[in-house]
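Asker: predicted model and sequence below, questions to follow.
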Amino acid sequence: MTATKERPVLVVEDDPALGRVIELVLKDAGYSVIAATDGREALDRVAEGLPGVVLLDMKMPVMDGWEFATELRSKYGRTVPLIMVTAAWNSEQRAQEIGADDYLDKPFDIDDLVRVVERHYVGKA
């Protein structure tokens, strides 16, 4: 893809190396990316402008993924697709518990990352 999508993908990940890899992969696939290292920072990013999709780590400092998901859904309903990214063994159940649209197990294949983002991305601002 050559043109960048209209709305950014919000990557909420407290591991800087993993966050950077996700950002590079998605930029290469034509997405603009904004990042946050915890749920509080992520809510601030969402308030600045709705992302096309959120990739959400669950275990983070300040505000974890569960708290973020609750706040996101309470403020914005289901207008922002939410993809949980986790190493938990019961990821499908946990994704349902937080109202996620999908989940991605860590470690993940980069092709799977791009596919899940493409499947849920909402591109119009």
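Answerer: Received, thanks. It should be emphasised that the depicted structure is a prediction, and the values quoted were computed from it without experimental measurement. Numbering: from 1, shown residues only.
Asker: beyond the worst-scoring helix or strand of the chain on mean pLDDT, next helix or strand please.
Answerer: Confidence across the helices and strands of the chain bottoms out at helix 91-98, with a mean of 89, counting by mean pLDDT, DSSP states H and E. Following helix 91-98 in sequence order, the next helix or strand is strand 102-105 (DSSP states H and E).
Asker: for that next one, packing partners?
Answerer: strand 82-86, helix 91-98, helix 110-120 (3 or more Cβ pairs under 8 Å, 6 or more residues apart in numbering; DSSP states H and E). (Each C-beta comes from the backbone N, C-alpha and C, glycine too.)
Asker: and it, which residues are buried?
Answerer: Using 16 or more other Cβ atoms under 10 Å as the test for burial, strand 102-105 gives 102-104.
Asker: quick one, which of the helices and strands packed on strand 102-105 is packed in tightest?
Answerer: For the helices and strands packed on strand 102-105, the largest average neighbour count (mean count of other Cβ atoms under 10 Å) is found in strand 82-86, namely a mean of 24.
Asker: which other residues reach that one?
Answerer: 13, 53-58, 65, 69, 72-73, 91, 94-95, 98-106, 108, 116-117, 120 (Cβ atoms under 8 Å, 6 or more residues apart in numbering).
Asker: what segments of the chain are helices?
Answerer: In the chain, the helices defined using DSSP state H lie at 16-28, 39-48, 65-76, 91-98, 110-120.
Asker: picking that back up, gap between the least confident helix or strand of the chain and the chain center?
Answerer: Computed by Cα atoms, centre = their mean, to the nearest Å, the separation of helix 91-98 from the middle of its chain amounts to 14 Å.
Asker: other SSEs contacting that helix?
Answerer: If contacts are counted by 3+ Cβ pairs under 8 Å, 6+ apart, helix 91-98 sits against helix 65-76, strand 82-86, strand 102-105.
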